[in-house]
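Visitor: Okay, predicted coordinates and the sequence, questions at the end:
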Amino acid sequence: MNISRHWWHANRLLIVFSAALTTLVAAIAIVHVFSLSCTSGATTNQCGRVLSSDGLSSLLSLTLAIIPILLGVVLGVDAVGGEVDRRTCWFAWSIATSRKQWLREGALPGLLSTALIGLVCGVVNAILVIKLNPGHNILASYVGYGLWGPILVVRGLCGYALGILIGALSGRVIASVGLSLMLATAVIPVALVAGRSFEPATIIADNDPASTDAMGVQIGVLRPDGTIGPEGECFRAEPTGLTPDEEFQWGQTHCRTVVSFLRGSQMVDEELRESVVLGVISVLSGAMTVKVVLSRRP
């Protein structure tokens, strides 16, 4: 309990500020989004295009998606790096039952705070995405992917894990926050690609209604074997001696540009894979943090 009170005393301003910022942004976003409307007679698709192209809504949604990561990194860095930077860790370790217990009790409040803020941001953004994309089942669609739902909690906790590791290694708060943010910026896209790479892509016609829920992953020329290759590869096979009209007709016939998509129904599986990758990174970072804390010497 003493460690929890110490944590609250050290981080109360940050927690209050983060909660206030999240509440303010969420309130502005909800009021703004629900004030938007489409012209009478507009189809569902036309209305969706108008609503989803609203710049302020996109900015507010992006802000809510970033807040858990920023909070996780800062709280993570301070959990160990802040104690080392302030030279208070040596006294804390000398009176604690063990360093593992100290680390566990000191890290838990930050983890819970990050998860709670991430959950709030994920729920609010889910409401915004549903309102801005009428006619879509967001549980089976890539509209607003990565901006809503539990993935925001996972990303925030991964930021926390990276922050606590870098803070423990560096012992300098400002430098650790900067480095942790750079790592998080690199790790999250890697997890996204890893989650996506196991999902088979499908060529969907532009006029297929399923394309509005899908995510394009590759564009190129359709090969005879059904795979997609670069345009240059196709045009290098063009016969010589053709007239300009014949070259145009040959290109239209043999070098048809297509796009491969991940269907909206694949979204949940991709998000689960991305979460697993981020979870593995978080667990490894946590294990390394324990090792660093146990091996540090005054």
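Guide: Arrived safely.

Visitor: Could you pull up the mean pLDDT of stretch 203-211?
Guide: For stretch 203-211, mean pLDDT rounds to 75.

Visitor: Strands along the chain, start to end?
Guide: 202-203, 215-222, 228-229, 257-262 (DSSP state E).

Visitor: partner strands of the last one, parallel or antiparallel?
Guide: Okay, so that is strand 257-262. Strand pairing for strand 257-262, using DSSP bridges, gives strand 202-203 (antiparallel), strand 215-222 (antiparallel).

Visitor: residues of the longest one that come out buried?
Guide: Of the residues in strand 215-222, those buried under the neighbour-count criterion (16 or more other C-beta atoms under 10 Å) are 215, 220-222. Every C-beta, even on glycine, is put in place using the N, C-alpha and C of the backbone.

Visitor: circling back to that earlier point, distance to residue 69 for the strands of the chain - can I get that in a markdown table?
Guide: Converted to a markdown table, the strands of the chain look like this (distance: least, C-beta to C-beta, whole Å):
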| stretch | distance to residue 69 |
| --- | --- |
| strand 202-203 | 32 |
| strand 215-222 | 22 |
| strand 228-229 | 33 |
| strand 257-262 | 24 |
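
Visitor: Out of those strands, which is closest to residue 23?
Guide: Closest of these to residue 23 is strand 215-222, at 31.4 Å (criterion: C-beta to C-beta).

Visitor: Neighbours of the nearest residue to residue 139 once chain neighbours are set aside, how many?
Guide: In this structure, residue 139 finds its nearest non-sequential neighbour in residue 268, 6.8 Å apart by C-beta to C-beta, 6 or more residues apart in numbering. When neighbours are defined as other C-beta atoms under 10 Å, residue 268 has 12 of them.

Visitor: before we move on, the earlier item: take the strands paired with strand 257-262 and write them to CSV, including distance to residue 75.
Guide: Below are the strands paired with strand 257-262 laid out as CSV (distance: least, C-beta to C-beta, whole Å):
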stretch, distance to residue 75
strand 202-203, 41
strand 215-222, 32
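
Visitor: List just the one of the ones you listed that sits closest to residue 278.
Guide: Per C-beta to C-beta, nearest to residue 278 of these: strand 215-222, 19.0 Å.

Visitor: what residues are up against residue 48?
Guide: 132-136, 212 (C-beta atoms under 8 Å, 6 or more residues apart in numbering).

Visitor: Mind picking the two most distant members of those residues?
Guide: The largest distance within these, taken as C-beta to C-beta, falls between 132 and 212 and amounts to 13.5 Å.

Visitor: Of the two, give the one with the bigger neighbour count.
Guide: residue 132 (22 against 18).

Visitor: Okay, the nearest residue to that one once chain neighbours are set aside and residue 252: tell me how far apart.
Guide: Spatial nearest neighbour of residue 132, excluding adjacent residues (C-beta to C-beta, 6+ apart): residue 51 at 4.5 Å. If you measure residue 51 against residue 252 using C-beta to C-beta, to the nearest Å, the figure is 36 Å.

Visitor: what do you get for residue 94?
Guide: 78 Å.

Visitor: Residue 163 now?
Guide: 54 Å.

Visitor: who's more crowded, those two?
Guide: Taking other C-beta under 10 Å, residue 163 and residue 252 do not tie; residue 163 has more neighbours (35 against 9).

Visitor: need the contact list for the residue nearest to that one when sequence neighbours are not counted.
Guide: In space, and not counting its chain neighbours, residue 163 is closest to residue 76: 2.6 Å by C-beta to C-beta, 6+ apart. Applying C-beta under 8 Å, 6+ apart to residue 76 gives the contacts 110, 114, 159-165, 167, 180.

Visitor: Ok, residue 255 next?
Guide: By C-beta under 8 Å, 6+ apart, the contact set of residue 255 is 221, 231, 234-235.

Visitor: Phi, psi for the residue positioned nearest the centre of the chain please.
Guide: Nearest to the mean C-alpha position of the chain, by C-alpha atoms, centre = their mean, lies residue 146 at 5.0 Å. Dihedral angles of residue 146 (phi, psi; degrees, to the nearest 10) stand at phi 80, psi 0.

Visitor: Give me the pLDDT value at it.
Guide: Note on residue 146: pLDDT of 92.

Visitor: swap in residue 217?
Guide: Residue 217 is assigned 82 on the pLDDT scale.

Visitor: so where's this protein shaky on pLDDT?
Guide: For the chain, residues meeting the criterion pLDDT under 70 lie at 1, 41-42, 44, 206-207, 298.

Visitor: can you give me the helices in it?
Guide: Taking DSSP state H as the test, the helices found in the chain are 2-35, 44-52, 55-77, 83-85, 89-95, 99-132, 151-170, 173-197, 231-235, 244-254, 267-295.

Visitor: I appreciate the help and will end here.
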